[in-house]
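S.K.: Fold the stuff below for me.
(chains A and B)
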Number of protein chains: 2
Amino acid sequence: MTRLRLFVLVLAVVLLSGPAVADPLPSWNDGPSKAAILSFVEQVTEAGGAHYVPPPKRIAVFDNDGTLWAEQPMYFQLIYAFNYVKALAPRNPGWAESRVLRAAMVGDVAEVLRNGQQGVMQVVMASHAGMTVDQLQASVRDWLAEARHPTTGRPYTAMVYQPMLELLTYLRAEGFKTFIVSGGGIDFIRVFAEEVYGIPPEQVIGSSLVAEFVETAEGGVIRKLPEVNFIDDKAGKPVGINLHIGRRPIAAFGNSDGDLQMLQYTTAGEGLRFGLIVRHNDAEREWAYDRDSTIGRLDTALDAAEERGWTVVDMKSDWRVIHPAEAD
Amino acid sequence: MTRLRLFVLVLAVVLLSGPAVADPLPSWNDGPSKAAILSFVEQVTEAGGAHYVPPPKRIAVFDNDGTLWAEQPMYFQLIYAFNYVKALAPRNPGWAESRVLRAAMVGDVAEVLRNGQQGVMQVVMASHAGMTVDQLQASVRDWLAEARHPTTGRPYTAMVYQPMLELLTYLRAEGFKTFIVSGGGIDFIRVFAEEVYGIPPEQVIGSSLVAEFVETAEGGVIRKLPEVNFIDDKAGKPVGINLHIGRRPIAAFGNSDGDLQMLQYTTAGEGLRFGLIVRHNDAEREWAYDRDSTIGRLDTALDAAEERGWTVVDMKSDWRVIHPAEAD
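M.R.: Sure thing, here's the model as predicted:
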């Protein structure tokens, strides 16, 4: 065979065989969770298939705390807010009259959480209200650059889950639009969601304070007020999804009871639907907590998962690696 | 010359010359408005240019009533709501006690508008509250299919502006993400925005009632309550933009004083910015109204346009055709 013929033959083989199909989820071990994800995506994207969904309707929603990044020993935004309240306490003597704010100043998370969502919002309001969105986001950006997780010593943005990053990328490659639907603050998450998750600010839904437009010489800014606008948690999640997205997602990913209604709403639509819960059962590599946890309690949603056939990720066996730093 | 040589020559000329560059805005007459649009888009999309903006930041926001479709003799959503209130009045005897609802029943728009946004919201709440979003949208869909504009006899969705449709398409082809930011109802606009404007529901921002998640046997629905959640008008527009988009747009398109703050906020950002106001001055082909109109008043925003260098579309001379039916 001449060299030219050999070259043409090799070229033909290469062209005809195409590139090797790479595993889109290399950090997921083979098993029922990975198989369920791949099967769902293949079915809704198969042109002409019985379960085909056109790209504009391929909406996937993700909780953030405990689903896309860690949430122990407490929600990272709360750590930011505690620090902020502590730093500003000398300039706000009135805060000492509030039991919740006093607790925040000394990092007493149990006392703050004892007051539930109200306690959390009181700390968030103390640290956020009166600032413009630009000011708040600059402050969060500075904090994220410097702060380190108390037990791992890593930047908080390194506490994201590598398997979920791969899942986001895989879904987008398959024509999905990926949204965050978080009980956390919408302005807070938008600071890092684009860089870390590839999710632009217009695809982030979260809790918020009431805001106002303030005219300035340059044209105007948005300022946050000390009043709750929306709590994007539990039954609030489907409401937030309806307000921001305006159509029912076909896939939802969460990890706690706060995600129950989002999963119910998403999986109730017509056609093939997908619900998934990340179960934190890996005390060695991450944390193990579920029915009795104050942070990220997974109780009724775990029962619902069994009843409704949602996929429950067994972190210990389903995830080959947890965080990006551990990936090959 | 042989036929073959002639063929090869013609082929070469065709291939080398490439496709003729089509005018992206054929319904816009040449003039300062069209030139300003083209110049802005060329500058922000020119890789390596001084004013280059990367695609994720190419956010363009459009008012709806009077900017993307007509708003005379009154806002089309109000015509829908009036009809609805009239039809349901026999089953709601209590409505007769409300001056605004009595006015709506007989189509007395002046009386409803005399009560400003409060009057409008009272009618909207009477017609929308208690319904699920799915029910409301099915009702709007049915109405849009049957209803005809009182003076043109056309379906309301045929009352869109052909030059603005071309502008939306052009911007998207140039990597922009196009959003609607309307004082109208978010659920109402989402019924037709995707089909008519190519704008998916998640890129529609509007006024809304408070909503709640209601569990059902199937999983759950969203129901609208008789309480205002958000008025996306005037100073509300930048607030809505911040909540839904989370970054400052680089181009804003409006037609009335309700769009003033959206234009201020958009054009105040760093780098090249674009503001445009559609001026209704074509009594022959459309309507002529500005400083004294109850619907779509254009007064302070017109002064601001001059001060700040926003483009003011002279509908009469800038637009070759108004509605799609008149296009070639």
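S.K.: what's the spacing between residue A:240 and chain B?
M.R.: Using C-beta to the nearest C-beta, to the nearest Å, one gets 10 Å for the distance from residue A:240 to chain B. From N, CA and C alone the C-beta is placed, and that goes for glycine too.
S.K.: What separation do you get for that residue and residue A:61?
M.R.: Distance of residue A:240 to residue A:61, computed by C-beta to C-beta, to the nearest Å: 9 Å.
S.K.: anything in contact with each of these two?
M.R.: Between them, residue A:240 and residue A:61 share these contacting residues under C-beta atoms under 8 Å, 6 or more residues apart in numbering or on different chains: A:181, A:205.
S.K.: Which one's more surrounded, these two?
M.R.: Legend: neighbour count by other C-beta atoms under 10 Å in any protein chain shown for residue A:240 and residue A:61, higher for residue A:61 (30 against 26).
S.K.: ok and the residue in the stretch 51-200 of chain A nearest chain B?
M.R.: Residue nearest to chain B within the stretch 51-200 of chain A (C-beta to the nearest C-beta): residue A:190, separated by 4.8 Å.
S.K.: just checking, that residue touches residue A:201?
M.R.: Yes. Between residue A:190 and residue A:201 there is a contact at 4.2 Å, judged by C-beta atoms under 8 Å.
S.K.: circling back to that earlier point, quick one, what contacts the residue of the stretch 51-200 of chain A closest to chain B?
M.R.: For residue A:190, the contact set (C-beta under 8 Å, 6+ apart) comprises A:137, A:201, A:204, B:246.
S.K.: Tell me which entries of these lie within helices.
M.R.: residue A:137 (DSSP state H).
S.K.: Name the member of the contacts of residue A:190 with the most neighbours.
M.R.: Sorting these by how many neighbours each has (other C-beta under 10 Å) puts residue A:204 first, at 26 neighbours.
S.K.: So that one is in contact with residue A:179, correct?
M.R.: Yes. In terms of C-beta under 8 Å, residue A:204 counts as a neighbour of residue A:179; the distance is 7.3 Å.
S.K.: And the residue most central in space within chain A, its phi and psi?
M.R.: What sits nearest the mean C-alpha location of chain A, by C-alpha atoms, centre = their mean, is residue A:64, with 2.0 Å. With angles defined as degrees, to the nearest 10, residue A:64 sits at phi -100, psi -70.
S.K.: wait, what's in contact with it?
M.R.: A:180, A:182, A:184, A:189, A:206.
S.K.: got it, and residue A:273?
M.R.: Neighbour list for residue A:273: A:250-251, A:266-267 [criterion: C-beta under 8 Å, 6+ apart].
S.K.: and what of residue A:211?
M.R.: Residue A:211 sits next to A:133, A:222-225, A:229, B:239, B:242-243 when contact means C-beta under 8 Å, 6+ apart.
S.K.: partners of it in the sheet?
M.R.: residue A:224 (DSSP bridges).
S.K.: Residue A:208 belongs to a strand?
M.R.: Yes. Assessed with DSSP: H, G, I helix; E, B strand; the rest coil, residue A:208 lies in a strand.
S.K.: For the closest residue to it other than its chain neighbours, give me its contacts.
M.R.: Of all residues not flanking residue A:208 in the chain, residue A:229 sits nearest, at 4.5 Å (C-beta to C-beta, 6 or more residues apart in numbering or on different chains). By C-beta under 8 Å, 6+ apart, the contact set of residue A:229 is A:207-211, B:243.
S.K.: any idea how far residue A:51 lies from residue A:179?
M.R.: Distance from residue A:51 to residue A:179, by C-beta to C-beta: 21 Å.
S.K.: and those two? which has more neighbours close in?
M.R.: In terms of neighbours (other C-beta under 10 Å), residue A:179 is the more surrounded of residue A:51 and residue A:179; the figures are 24 against 14.
S.K.: What residues does the more buried one make contact with?
M.R.: By C-beta under 8 Å, 6+ apart, the neighbours of residue A:179 are A:59-62, A:199, A:203-205, A:241, A:244-245, A:249, B:202.
S.K.: and the helix or strand harbouring it, which strands flank it?
M.R.: Per DSSP states H and E: residue A:179 is located in strand A:177-185. Strand A:177-185 pairs in its sheet with strand A:59-62 (parallel), strand A:204-214 (parallel), by DSSP bridges.
S.K.: Only C-alpha atoms, please: export that strand in CSV.
M.R.: Written as CSV, here are the backbone C-alpha positions of strand A:177-185 (Å, rounded to 0.1, in the frame of the first residue of the first chain):
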residue,chain,number,x,y,z
LYS,A,177,-31.4,25.9,30.3
THR,A,178,-30.2,25.6,33.9
PHE,A,179,-31.6,27.7,36.7
ILE,A,180,-30.7,28.0,40.4
VAL,A,181,-33.8,28.1,42.7
SER,A,182,-32.4,28.8,46.2
GLY,A,183,-33.6,29.9,49.6
GLY,A,184,-30.4,31.9,49.7
GLY,A,185,-30.2,35.6,48.6
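S.K.: following that strand, which helix or strand shows up next?
M.R.: Strand A:177-185 is succeeded, C-terminally, by helix A:186-190 (DSSP H and E).
S.K.: helix/strand/coil for whichever residue of the stretch 101-250 of chain A sits closest to chain B?
M.R.: Proximity of the stretch 101-250 of chain A to chain B (C-beta to the nearest C-beta) peaks at residue A:219, 2.1 Å away. What three-state DSSP gives for residue A:219 is coil.
S.K.: Next, it: phi, psi?
M.R.: Main-chain torsions, residue A:219, degrees, to the nearest 10: phi 140, psi -40.
S.K.: re earlier: nearest to residue B:262 among the contacts of residue A:190?
M.R.: Distance to residue B:262, by C-beta to C-beta, is smallest for residue B:246 among the contacts of residue A:190, at 15.2 Å.
S.K.: Surely the closest one and residue A:201 touch.
M.R.: Yes. Taking contacts as C-beta under 8 Å, residue B:246 lies within contact range of residue A:201: 3.0 Å.
S.K.: Same list, the contacts of residue A:190, but as JSON lines with pLDDT and distance to residue A:43 please.
M.R.: Output for these, formatted as JSON lines (pLDDT from 0 to 100; distance: C-beta to C-beta, whole Å):
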{"residue": "A:137", "pLDDT": "97", "distance to residue A:43": "39"}
{"residue": "A:201", "pLDDT": "98", "distance to residue A:43": "31"}
{"residue": "A:204", "pLDDT": "98", "distance to residue A:43": "28"}
{"residue": "B:246", "pLDDT": "98", "distance to residue A:43": "33"}
